[in-house]
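Enquirer: Build me a model from this:
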Amino acid sequence: MLLLALGAAPAQAQSEPPILPAEADPQEQIHWAVGAFFGTGWYSVDDNRSVFVLRIQPRQQIREPLLEDEGQRPFGVEILYPLSLGLSQLDDIPDFIEFDNYATISFTPGVEFEVPINSRWALRPFAHFGYGWELESQEGALIGYGGVKSRYRLSDDRLRWSLLNGIYYAGYKPEFENRGQYGALMAGLEFSQPLRNIQQGGDALFLNWHVTYHWYFDRLNFHSGADDFASFRDQWELGLAIAKRDQTLDFGFLSFEQIGLAFRWSSDGNFNAITVNFRSPFTD
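Expert: Residues are numbered from 1 along each chain as shown. Sure, this is the predicted structure:
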């Protein structure tokens, strides 16, 4: 999933606006509302701001995608109910400054479609809309995001690999504040290779891994201290996970597409993250 924000401080947390670096437009400070896009994990900006996120995302499969022999392409439909809980904090805060340590909760239900173009290529348009709250100030915000993802299978052999692409848009409207919006492009590769003699429930296990690159249309600017800001323009991601080929990993009543970790970082080193990797970037 696209990472668009770590969240800015609630409006009332500052008595006067800090001095921004030349490249940081005060109107472009990231708002906490877009924390709804986080996956479960830990995020860090400029070695001082940290965000911890728990994202629960139940899914309801309405229809499976299918490419029929007659050339018909019934598309898949999935309803999602993402609930995100976030805790944002500055790791080093002077005792006399009450700055932006705060918690958020957001619910952004949405629908995703999977459209098989042919046996190798599929598109996945999606749209979500919901509401979020900053718990200390009780400020609310409307939240929406959507886009289109693409996966093209370059090989379906024992080592399966695919080309990934995407374009994303996110927007929000806080109470008593101006709207904000952000967008990004994504490109990457995804691989699935067998793990010899390793099985679960009699089924062979595979190592799924991916490398993706996100380029943001605008620089993303974050508070990293009472008077400091950090920003970045791109994001790399390396994901590693254990999976079955075209099956889920089942543990009692829980099922996962895959289980692993993903590591994210910006080219300038201002942003780092470790997240839980439950799904392919195409289906996440």
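Enquirer: In stretch 275-284, which residues are buried?
Expert: By neighbour count on 16 or more other C-beta atoms under 10 Å, the buried set for stretch 275-284 is 275, 276, 277, 278, 279, 280, 281, 282, 283, 284. The C-beta positions use only the backbone N, C-alpha and C, and glycine is treated the same way.
Enquirer: what does stretch 111-128 give?
Expert: 111, 112, 113, 114, 115, 116, 122, 123, 124, 126, 128.
Enquirer: Could you list which of those belong to strands?
Expert: 111, 112, 113, 114, 115, 116, 122, 123, 124, 126, 128 (DSSP state E).
Enquirer: got those as TSV, with pLDDT and distance to residue 105 columns?
Expert: As requested, those are exported to TSV (pLDDT from 0 to 100; distance: C-beta to C-beta, whole Å):
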residue	pLDDT	distance to residue 105
111	97	22
112	97	22
113	96	27
114	95	29
115	93	32
116	92	36
122	94	33
123	96	32
124	97	27
126	97	22
128	96	15
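Enquirer: Among those residues, which pair sits farthest apart?
Expert: 116 and 128 (22.4 Å; C-beta to C-beta).
Enquirer: Could you list the low-confidence segments of this protein?
Expert: 1-31, 34, 47-49, 68-73, 90-101, 223-228 (pLDDT under 70).
Enquirer: one step back: ok, so of the buried residues of stretch 111-128, who is nearest residue 163?
Expert: residue 122 (11.5 Å).
Enquirer: Enumerate every residue touching the closest one.
Expert: If you count contacts by C-beta atoms under 8 Å, 6 or more residues apart in numbering, residue 122 has them with 65, 114, 115, 116, 150, 151, 282.
Enquirer: Closest one to residue 86 out of the buried residues of stretch 111-128, please.
Expert: When the buried residues of stretch 111-128 are compared against residue 86 (criterion: C-beta to C-beta), the nearest one is residue 128, at 16.2 Å.
Enquirer: Distance of that closest one relative to residue 235?
Expert: Look at residue 128 and residue 235: by C-beta to C-beta, to the nearest Å, they are 20 Å apart.
Enquirer: now residue 126
Expert: Applying C-beta to C-beta to residue 126 and residue 235 gives a distance of 19 Å.
Enquirer: Tell me the secondary structure of residue 267, please.
Expert: Following DSSP: H, G, I helix; E, B strand; the rest coil, the label given to residue 267 is coil.
Enquirer: Report the beta-bridge partners for residue 43.
Expert: Residues in a beta bridge with residue 43, per DSSP bridges, are residue 51, residue 273.
Enquirer: contacting residues for the residue lying closest to residue 199 once chain neighbours are set aside?
Expert: Leaving aside its sequence neighbours, residue 199 sits nearest to residue 205 (C-beta to C-beta, 6 or more residues apart in numbering; 6.1 Å). When contacts are counted by C-beta under 8 Å, 6+ apart, residue 205 touches 194, 195, 198, 199, 242, 243, 244.
Enquirer: Identify the bridge partners of residue 143.
Expert: The partner residues for residue 143, given DSSP bridges, come to residue 130, residue 172.
Enquirer: give me the number of residues near it?
Expert: 25 (other C-beta atoms under 10 Å).
Enquirer: Make sure it is actually in contact with residue 132.
Expert: Yes. Contact status for residue 143 versus residue 132: in contact at 5.3 Å, counting by C-beta atoms under 8 Å.
Enquirer: okay, and the common contacts of the two?
Expert: Joint contacts of residue 143 and residue 132 (C-beta under 8 Å, 6+ apart) are 33, 36, 106, 108, 172.
Enquirer: Measure how buried residue 196 is and give me the count.
Expert: With other C-beta under 10 Å as criterion, residue 196 counts 7.
Enquirer: mind checking which helix or strand it is in?
Expert: Taking DSSP states H and E as the criterion, residue 196 maps to strand 180-200.
Enquirer: Paired strands for that strand, with orientation please.
Expert: Strand 180-200 has these strand partners (DSSP bridges): strand 160-174 (antiparallel), strand 203-223 (antiparallel).
Enquirer: so which of those comes closest to residue 188?
Expert: strand 203-223 (3.1 Å).
Enquirer: then the helix or strand that the closest one is followed by to CSV, C-alphas only?
Expert: Later in the chain than strand 203-223, the nearest helix or strand by DSSP H and E is strand 229-243. Provided in CSV are the C-alpha atoms of strand 229-243 (Å, rounded to 0.1, in the frame of the first residue of the first chain):
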residue,chain,number,x,y,z
PHE,A,229,11.1,19.7,9.6
ALA,A,230,12.2,16.9,7.4
SER,A,231,11.0,16.0,3.9
PHE,A,232,11.5,13.4,1.2
ARG,A,233,10.3,12.9,-2.4
ASP,A,234,10.5,9.1,-2.9
GLN,A,235,10.3,5.7,-1.2
TRP,A,236,12.0,2.3,-1.8
GLU,A,237,10.5,-0.9,-0.4
LEU,A,238,12.0,-4.4,-0.1
GLY,A,239,9.5,-7.1,1.0
LEU,A,240,10.2,-10.7,2.1
ALA,A,241,7.6,-13.3,3.0
ILE,A,242,6.8,-17.0,3.2
ALA,A,243,3.8,-18.1,1.1
